[in-house]
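S.K.: build me a model:
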Amino acid sequence: MTEQLISGADSARSAPRPLRIGDAAPVFSARSTQGQIRLSDYRGRWLLFFSHPADFTPVCTSEFIALARLAPQFEAAGFALLGLSVDSLFSHMGWLRAIRGAFNVEVPFPVVEDTSLVISRAYGMLDETAQDSSTVRASFFIDPDGIVRALSWYPMSVGRSAQEMLRLAIALKRVEKGDAVTPEGWQPGDPVLRPLSDETLLSDDDPAWFCRTIEPR
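M.R.: Have a look, this model is predicted:
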């Protein structure tokens with residue numbers, strides 16, 4: 001059962017809105033497949049926190065298999081993984097065992113239960129007026145200070161790309177210091193782009209001053 005949540009939960013219930021980039025991620029404490037989890041446990045490191053609509057469903061299973069296989073690369077990029085659905089802890093444990101038995105894939109990251117729907121609503125994964133408890137496929141990339149730096153939303157019927165989630169995670173780490181921005185389709189190891197600055201605008205006579213690359217170090 002979810003324990004005491006979420007700063008600002010009362011106001012969120014009266015005037016809900018989806019989280020936005022730059023918002024503080026709502027804090028929570030809840031049971032998971034790896035014991036009690038608090039969002040504060042991840043303070044000081046990057047976190048990919050993602051919801052799935054339901055256990056024992058085909059699209060969610062395919063996503064979890066892909067994320068489990070990429071978990072070492074997320075770890076190497078400095079990101080922890082944390083899943084959530086509104087199903088019970090008992091259901092989560094049975095589903096992960098079934099994935100292991102059917103596909104020989106061990107899911108190494110925790111999966112949080114949210115049977116009370118409190119976390120889902122605080123994160124905007126589930127609207128107050130929703131007709132059932134299925135959450136959208138929401139992903140929140142949360143920085144070491146607990147701030148949402150990127151997010152994505154997919155419908156229940158369309159699976160996410162685990163490779164794109166990893167690419168975005170690595171891109172966020174690459175631009176963290178503010179010395180670069182990433183171009184369309186950037187992949188790790190590719191050149192990045194030089195951010196614009198007042199000095200560039202005033203002193204640069206290069207015709208491509210507004211879009212210049214920095215070769216990888």
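S.K.: low-confidence ranges in the chain?
M.R.: Scanning the chain for pLDDT under 70 picks out 1-17, 127-133, 198-204, 217.
S.K.: touching the longest helix seen in the chain from outside, list them.
M.R.: Scanning the chain for the helix with the most residues, using DSSP state H, yields helix 58-76. Under the contact criterion C-beta atoms under 8 Å, 6 or more residues apart in numbering, helix 58-76 has outside partners 48, 52-54, 80-81, 83, 85, 95, 99, 103, 105-109, 137, 156-160, 162-163, 165-166, 169. Just so you know, the C-beta spots here come from the backbone N, C-alpha and C atoms, and that holds for glycine as well.
S.K.: SS state for A80?
M.R.: strand (DSSP: H, G, I helix; E, B strand; the rest coil).
S.K.: so what's the nearest residue to it once chain neighbours are set aside bridging to?
M.R.: With C-beta to C-beta, 6 or more residues apart in numbering as the measure, L47 is the residue that lies nearest to A80, at 5.0 Å, once sequence neighbours are left out. As for beta bridges, L47 partners with A80, I142 under DSSP bridges.
S.K.: wait, isn't L47 in contact with G83?
M.R.: No. Using C-beta atoms under 8 Å as the test, L47 is too far from G83 to be in contact (11.3 Å).
S.K.: how is this protein divided into domains?
M.R.: What the record gives for the chain is the domain set 9-174, 178-217, from automatic domain parsing.
S.K.: okay, the ones you listed, which one's buried deepest?
M.R.: When the domains of the chain are scored by mean count of other C-beta atoms under 10 Å, the highest mean neighbour count falls to domain 9-174 (a mean of 17).
S.K.: which parts of the chain are strands?
M.R.: According to DSSP state E, the chain carries its strands in the segments 29-32, 35-38, 46-51, 79-85, 111-113, 137-142, 148-154, 192-193, 213-214.
S.K.: got a list of contacts for the last one?
M.R.: Surrounding strand 213-214, the residues in contact under the criterion C-beta under 8 Å, 6+ apart are A180, P183, P191, V192, L193, R194.
S.K.: report the contact partners of the third one.
M.R.: Residues in contact with P191, defined by C-beta under 8 Å, 6+ apart, are P183, T213, I214, E215, P216.
S.K.: the same query, at a cut-off of 7 Å, please.
M.R.: T213, I214, E215, P216 (C-beta atoms under 7 Å, 6 or more residues apart in numbering).
S.K.: quick check: the gap between the third one and D23.
M.R.: In this structure, E215 lies at 35 Å from D23, with C-beta to C-beta, to the nearest Å as the measure.
S.K.: do the first one as well
M.R.: Look at T213 and D23: by C-beta to C-beta, they are 32 Å apart.
S.K.: go on, the last one?
M.R.: Per C-beta to C-beta, P216 is found 32 Å from D23.
S.K.: how about F109?
M.R.: Here the criterion is C-beta to C-beta. By it, F109 lies 23 Å from D23.
S.K.: show me where the protein has helices.
M.R.: According to DSSP H, the chain carries its helices in the segments 9-14, 58-76, 89-103, 118-122, 162-174, 198-203.
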